[in-house]
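Enquirer: I'd like to go over a predicted model; first the sequence, then the structure.
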Amino acid sequence: MSIHDVYDGSQVIAQSLDILDKYRVSLKVGEDFEEYRALLAEHRPDHDLGLPFDPEHQFMTPANAFWIAGFDHDGELIHTQAMRMIELGNSHLSDYMRENFLDFPPSGLPLDLKRSRYRPGPSAKRMTGRTVYHGEVWMGGTKGQFRGSGLSCVLGRFAFMSAMLRWSPDHFFGFMPRAVAFKGFAERQGYMHAEPGALRWQMSESDKVLEGFMVWMANEDVRHLMLMPLNELVQLPVSTEAEKRPEPVAA
């Protein structure tokens with residue numbers, strides 16, 4: 001990354017933290033995924049650590065993976081996401097995923113892996129180099145507390161910029177259920193590209209199928225995001241807006 005890119009990325013992170021502070025949300029960033037597993041066990045006992053970030057199955061070090069956890073002012077977990085860099089070299093993401101797609105299943109679902117499949121789109125056949133997988137994305141909180149506020153835009157960009165400053169990767173990618181993609185969540189996270197039908201997970205003892213979209217961005221896409229003002233993407237809390245208004249003058 002150039003000095004200018006580093007400056008822009010750092011500015012986005014600073015803006016993100018300022019907005020999160022107004023929501024009284026604090027972030028913790030870590031590289032120890034056993035610590036992350038323990039955090040999930042305490043705050044989200046119904047959610048198992050996903051296989052793509054399980055240190056018992058993946059080679060992960062502080063140099064190639066990190067997680068982000070968000071907490072509200074009461075110390076309750078309200079957000080997670082994680083990044084892991086995959087060094088593809090001259091190989092293509094499509095070839096990597098053909099051999100390894102069973103390492104990227106949705107968590108907590110009974111799957112028939114023999115009847116599941118991966119089908120690359122055109123972009124996956126072109127992606128090479130330093131490629132970052134993005135997953136474990138979750139937003140909690142009570143209904144209307146954080147969802148719909150635009151905070152997912154802020155949190156997604158915080159993660160992208162953090163990865164850019166660490167690794168300056170060539171590409172980012174992730175997988176998203178079709179129903180979630182149809183609601184525009186990929187765009188709220190910041191993704192500028194999506195390819196349908198990349199993953200097809202067959203449910204065990206059922207005809208039901210879960211389709212996964214591959215969402216992705218190139219390095220230049222993320223650098224473009226750096227230039228977009230965050231305050232236009234988020235609705236500040238009512239209390240914050242009220243603080244800006246002058247006190248009424250008594251008659």
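Expert: Cool, the structure landed.
Enquirer: Roughly how far does residue 121 sit from residue 97?
Expert: As for residue 121, its distance to residue 97 is 11 Å (criterion: C-beta to C-beta, to the nearest Å). Any C-beta I mention is one placed from the backbone N, CA and C, and that applies to glycine too.
Enquirer: Just want to know which of those two has more residues nearby.
Expert: residue 97 (23 against 18; other C-beta atoms under 10 Å).
Enquirer: from what I can see that one touches residue 118, true?
Expert: Yes: using C-beta atoms under 8 Å, residue 97 is in contact with residue 118, at 5.3 Å.
Enquirer: Give the residues shared as contacts by those two.
Expert: Counting by C-beta atoms under 8 Å, 6 or more residues apart in numbering, residue 97 and residue 118 have no contacts in common.
Enquirer: where exactly do the helices run in the stretch 101-250 of the chain?
Expert: Taking DSSP state H, counting those that start in this stretch as the criterion, the stretch 101-250 of the chain carries its helices at 151-167, 178-181, 185-189, 219-225, 238-244.
Enquirer: Quick check: mean pLDDT of the last one?
Expert: Per-residue confidence for helix 238-244 averages out to 49 on the pLDDT scale.
Enquirer: go on, the first one?
Expert: Averaging pLDDT along helix 151-167 yields 94.
Enquirer: for it, packing partners?
Expert: If you count contacts as 3 or more C-beta pairs under 8 Å, 6 or more residues apart in numbering; DSSP states H and E, helix 151-167 packs onto helix 3-22, strand 65-71, strand 77-87, strand 130-139, helix 185-189, helix 219-225.
Enquirer: could you dump the ones you listed to JSON lines with distance to residue 176?
Expert: JSON lines is the format used below for the helices and strands packed on helix 151-167 (distance: least, C-beta to C-beta, whole Å):
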{"stretch": "helix 3-22", "distance to residue 176": "21"}
{"stretch": "strand 65-71", "distance to residue 176": "18"}
{"stretch": "strand 77-87", "distance to residue 176": "12"}
{"stretch": "strand 130-139", "distance to residue 176": "8"}
{"stretch": "helix 185-189", "distance to residue 176": "6"}
{"stretch": "helix 219-225", "distance to residue 176": "16"}
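Enquirer: That'll do, ta.
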